[in-house]
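In: predicted structure and sequence below. I'll ask about it afterward.
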Amino acid sequence: MPTDASPPMRVKLSEDGRERLVLALRTFFRDDFDLEVSGFQADRLVDFFVRELGAPVYNQAIQDARAFLQQKLDDLEGEFYEPESS
C-alpha cells in the first residue's frame, strides 16, 4: 500500500485509457483466474503497474526513438549528399 512518502507518479494515463485498463484487468482476472475484481481493486492495480512499470517502459521508448532518429540522422549525408562542382 502506498505511503505518504511515495513520490508522485509522473507517467499519467488519460481517463479513457485508465477506464479501458480497469475494464481489461477485471475481464482478465475473471476469464483467466475465475476471480471477480472490483473496479476499486482494478484501479489500484493500474496505479501499481503505472508506478512500477510506467517510468521504465517510458524511458525505454524514449531511448528506442532516440536511437532510431540518430540512425536516420547518421545516414542523412549518405542518402542526400550532392557533390559540389568545383
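Out: Thanks, I have it.

In: could you pull up the residues touching residue 36?
Out: 26, 29-30 (Cβ atoms under 8 Å, 6 or more residues apart in numbering). Bear in mind the C-beta positions are built from the backbone N, C-alpha and C, glycine included.

In: the residues you listed, buried ones only, as a PyMOL selection?
Out: In PyMOL, this line selects whichever of the contacts of residue 36 come out buried by 16 or more other Cβ atoms under 10 Å:
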select buried, resi 26+29
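
In: out of the contacts of residue 36, name the ones that lie in helices.
Out: Among the contacts of residue 36, the subset assigned to helices under DSSP state H consists of 26, 29-30.

In: now the residues you listed as CSV including pLDDT and distance to residue 19?
Out: Shown next, in CSV, are those (pLDDT from 0 to 100; distance: Cβ to Cβ, whole Å):
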residue, pLDDT, distance to residue 19
26, 98, 11
29, 98, 16
30, 98, 17
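
In: give me the buried positions along the least confident helix or strand in the chain by mean pLDDT.
Out: One helix or strand of the chain scores below all others by mean pLDDT, DSSP states H and E: helix 76-80, with a mean of 75. For helix 76-80, a neighbour-count test (16+ other Cβ under 10 Å) marks nothing as buried.

In: and it, how far out from the chain middle?
Out: Taking the mean of its C-alpha atoms, helix 76-80 sits 33 Å from the chain's own mean (Cα atoms, centre = their mean, to the nearest Å).

In: for stretch 11-26, same thing?
Out: Per Cα atoms, centre = their mean, the displacement of stretch 11-26 from the mean C-alpha position of its chain is 12 Å.
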